[in-house]
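Peer 1: here's my sequence, what's the structure:
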Amino acid sequence: MSSNRESVRIQGRVLYLTKDPDLLRRQLDGEDLVWDASMDLIDNISTDELTPCWVCYYYDETLAEYCLVGLRGGVVKHMDIKNGGFEVIVSGLSKGCGSSRETAPFSELTAGIKLVVAKSIEKIYGQNSQNIGLLTTTDFSVLDRIAKGEEIPIDFFTEGLDPISADIVRHGGLFAYNKARMAGEVSPPEITTAKRPMTICEKIIASHAIADAKSGKLGVEAVKPGDALFARTSVRFSHEYVTPMADALFRSGLDEEAKVKDPESVFTFRDHLTFLDRVMSPEHIKMGLREQAASLKAVQEDFSKRQGVKLYGEVERDGKTVGSEAICHNKVIEELAGPGNLVLGTDSHTCMGGVLGCFAFGVGSTDMANAWFTKDVRVRVPETVRFELTGELKPGVSAKDVMLHLLSFAFFKSGEGIGKVMEFSGSAVRGMSVDERATLTNMAVEAGGFTGIVEADEVVVEYLKDRRPQSVEELRARIVTSDPDAHYYKSFTVDLSELEPMVATPGDPRNGVAISELGDRVKIDIAYGGSCTGGKKADTDMYAAVLRRAMEDGNKVADEVKLYIQFGSQEIRDYAIEMGYVELFEKAGAELIDPSCGACIKAGPGVSDKAEQVTISAINRNFPGRSGPGQVYLASPYTVAASAVAGYIVAPETVLEGVASA
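Peer 2: Residues are numbered from 1 along each chain as shown. Below you'll find the model as predicted:
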């Protein structure tokens, strides 16, 4: 599949990812199926299933060997896809949901896949596929054309794409496109949108748009949904899971001596695999994965030193490692981003930064490698969905419950929310702390959203005033607001005053139900409080509120339950120490874990190791296999702590009677 390709002929086999495991296995063993529209295909195949976390320790063509080995049911085995002669993979709704890991489509491409067909395709996965030359479509008519042996025009696969994305597809990938762009053979379209009312994100994009590539002039009068452009980034960051692959692409796509542009605005993080050694299985150790994972840290350290970028690494106190400096998303809020910024990160939860009123979103390795060199990123201006949240939350109900409620809407379950901005506003949002608002923006990606954003206000200014070099007046001047008559794709007004504590049942964050509707008592084995979503200061307040009340009543963590509480940064850990929470948590029976990612990505204490285990977790996603083979229910910090005490999933209001929400 070369640059400037005009057509493609698919001659290999077609693999239908069917819900029937026997039918799927028969295909892997050599049986070919004929497309039938009544075929029951798997929906919501996450990137965790395409390349489970341990597979991501590789960042070369070894990935082909493990393509789809994490698919629910365990049907796909090592080498099945690579050795199967497949060139097409077909599935249902929301293909590629979850993490931004480019290893997922790269594993398909290197296994021989040329085309992915799905009923809907998640935004980051789709963009990563374009970047590496993997074709995608939601038009199932292509299957009949393939069966007839037709040569299919490339333009078939560019329908509905913006001009930049279409050119990237035609050139076979982002690096080939950029080489043509630098040679003057192709150029992005000029933005000619007339002045119009705009949303927060539209205004930020317009102000960061590359108006003139030669002069470097920034800013256009206006943009509208669908406009395609390159925009100047304010902050670029990556973590050890992704930096090595991006570095390899950077050097192979440019040259060994290529330099990062403006390294002062580039940051790397050692945060994902800090405690991997504590949970790596003997099988994976035998496979040499301990050494492979350790190499990611070494490669990132070398890249950071060679390029002169700041690395947030591990922290030592009194000669002992006490975890990472921070999970990248927590540190972006604590130290790096601000209102009106454009923030780019190699992690799907980069959108958490939108809590500060900035446009923050995740990308894959290829986009970051290009952004290191150009300081720019391609953007198709997204539609925005507005959520006006009103009413006062009941005691024991938090922003996590709000998001689990919103994600359960048919709008998101159907895939209609894919690629949209979630803009949160209303009296309920204004009454939340920065930490609670950050839960809203963090989990926008679980809806398939482009990003989440909250208009910055005095709460944000107060949070930032002693953390940034700007004065209060300067911070206020940077705040971007939506115009009163801005256009929204859709608007929802949600009264939260009657919202009950929620959980998302195993398999998808969009499986939200009220705890009162769960039915039979759900016994738990593990309760986990941590991650970028559940390891903030406000989250520790919630764990403490429940556990303190439980201790006052003579209770503690149930004997049959392991409760883990992990901090999102050293600052949050220090806060918990200062507030006396650490002593409280330990007395209540919790096991404390130093700052880092961990169980959220099956890389630290708190993971399950048996399929029959049940976890209640404050993390942001519960796709199959994400935190081990067990069943994961998502819930708020209040509910996680209350359930740990009860021994089964329980709403926290009886424990928290009279305690105000965060």
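Peer 1: quick check, pLDDT for the most centrally placed residue in the chain.
Peer 2: Centroid check for the chain by C-alpha atoms, centre = their mean gives S348 as the closest residue, at 2.3 Å. Note for S348: predicted pLDDT of 95.
Peer 1: low-confidence ranges, this structure, go.
Peer 2: 1-4, 657-662 (pLDDT under 70).
Peer 1: the domain parsing of it - what is it?
Peer 2: 7-171, 228-499, 502-662 (automatic domain parsing).
Peer 1: could you dump these into JSON lines with distance to I200 added?
Peer 2: Bear in mind the C-beta positions are built from the backbone N, C-alpha and C, glycine included. Listed next are these as JSON lines, based on distance: least, C-beta to C-beta, whole Å:
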{"stretch": "domain 7-171", "distance to I200": "18"}
{"stretch": "domain 228-499", "distance to I200": "5"}
{"stretch": "domain 502-662", "distance to I200": "22"}
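Peer 1: who wins for proximity to A206 among these?
Peer 2: domain 228-499 (8.6 Å; C-beta to C-beta).
Peer 1: based on its surroundings, how many neighbours for Q11?
Peer 2: 9 (other C-beta atoms under 10 Å).
Peer 1: might one say that it is in contact with E87?
Peer 2: Yes - Q11 lies in contact with E87 (C-beta atoms under 8 Å); the separation is 6.8 Å.
Peer 1: measure the residue nearest to the centre of the chain to K331 for me?
Peer 2: 17 Å (C-beta to C-beta, to the nearest Å).
Peer 1: L407 now?
Peer 2: Distance from L407 to K331, by C-beta to C-beta: 26 Å.
Peer 1: G431 too?
Peer 2: Distance from G431 to K331, by C-beta to C-beta: 26 Å.
Peer 1: ok, back up a step: contacting residues for the residue nearest to the centre of the chain?
Peer 2: 98-100, 124, 362, 445 (C-beta atoms under 8 Å, 6 or more residues apart in numbering).
Peer 1: a markdown table please, covering the residues you listed and showing secondary structure, distance to N511 and neighbour count.
Peer 2: Shown next, in a markdown table, are the contacts of S348 (DSSP: H, G, I helix; E, B strand; the rest coil; distance: C-beta to C-beta, whole Å; neighbours: other C-beta atoms under 10 Å):
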| residue | secondary structure | distance to N511 | neighbour count |
| --- | --- | --- | --- |
| G98 | coil | 14 | 27 |
| S99 | coil | 18 | 29 |
| S100 | coil | 22 | 29 |
| I124 | helix | 21 | 30 |
| G362 | strand | 22 | 27 |
| V445 | helix | 16 | 30 |
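Peer 1: can I get those in CSV with distance to D262?
Peer 2: Below are these laid out as CSV (distance: C-beta to C-beta, whole Å):
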residue, distance to D262
G98, 31
S99, 27
S100, 22
I124, 24
G362, 20
V445, 26
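Peer 1: most distant residue from the middle of the chain?
Peer 2: Largest centre distance within the chain, by C-alpha atoms, centre = their mean: G554, 39.7 Å.
Peer 1: now V117: closest residue in space that isn't a chain neighbour?
Peer 2: Counting by C-beta to C-beta, 6 or more residues apart in numbering, V117 lies nearest to V90, which is 4.5 Å off, once chain neighbours are set aside.
Peer 1: quick check: the one you found is in a helix.
Peer 2: No - counting by DSSP: H, G, I helix; E, B strand; the rest coil, V90 falls outside a helix, being strand.
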